[in-house]
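>>> build me a structure from this.
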Amino acid sequence: MFTTATLAGSKPEQYAQLLEQAQALLHDERDRIANAANLSALVYNALPALNWVGFYLYDGTELVVGPFQGLPACVRIPLDKGVCGAAARTRTTQRVEDVHAFPGHIACDSASRSELVVPLVAADGSLIGVFDLDSPEPARFDEEDQHGLEAIAAVFVKSLA
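Below you'll find the predicted structure:
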């Protein structure tokens with residue numbers, strides 16, 4: 001049975017602990033749906049002030065909602081729309097302090113105020129999807145969060161290889 005441990009120490013130390021949990025959770029599992037589901041649950045329950053954590057998977061045309069924790073979500077996101085689309089299109093992490101100020105923001109959950117989206121890119125450069133986190137708090141995510149969540153996203157991508 002897998003149980004989460006309470007994260008302790010500085011934010012980088014907490015992300016190091018969370019990364020260890022993610023690696024243990026995904027160890028020897030290659031199924032992207034199972035791994036996305038477990039990572040969504042792990043992160044949603046480990047980090048404070050989140051109202052949505054999940055994956056949008058690229059189907060060759062657009063992003064399609066995958067496993068997540070939170071309220072029901074938008075099902076399809078074109079690559080030219082919203083924070084998730086921007087992350088997928090540019091292949092760069094999007095850290096948005098105020099989603100209402102982001103041009104073309106898609107309001108799936110009206111409670112969301114800030115967002116962090118990490119693109120999931122395979123070693124060959126192909127787009128897998130995005131790892132999306134929303135918070136009801138403005139400016140919830142900082143550079144330390146970004147680095148920690150990018151490392152967790154990399155564990156997911158590595159699990160698919």
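
>>> what are the bridge partners for the residue nearest in space to the middle of the chain, then?
Centroid-nearest residue in the chain, with CA atoms, centre = their mean: Phe131, separated by 2.7 Å. Beta-bridge pairing for Phe131 (DSSP bridges): Phe55, Val118.

>>> quick one: contacts for it?
Phe131 makes contacts with 39, 54-55, 117-118, 120, 149, 152-153, 156, as judged by CB atoms under 8 Å, 6 or more residues apart in numbering. Every C-beta, even on glycine, is put in place using the N, C-alpha and C of the backbone.

>>> repeat that for Ala153.
Residues in contact with Ala153 (CB under 8 Å, 6+ apart) are 118, 120, 131.

>>> what about it, which SS state?
Secondary structure for Ala153, judged by DSSP: H, G, I helix; E, B strand; the rest coil, is helix.

>>> can you tell me how far it sits from Lys11?
As defined by CB to CB, to the nearest Å, Ala153 lies at a distance of 17 Å from Lys11.

>>> do Arg89 as well
Counting by CB to CB, the gap between Arg89 and Lys11 amounts to 29 Å.

>>> same question, Lys158
From Lys158 to Lys11 the distance is 23 Å (CB to CB).
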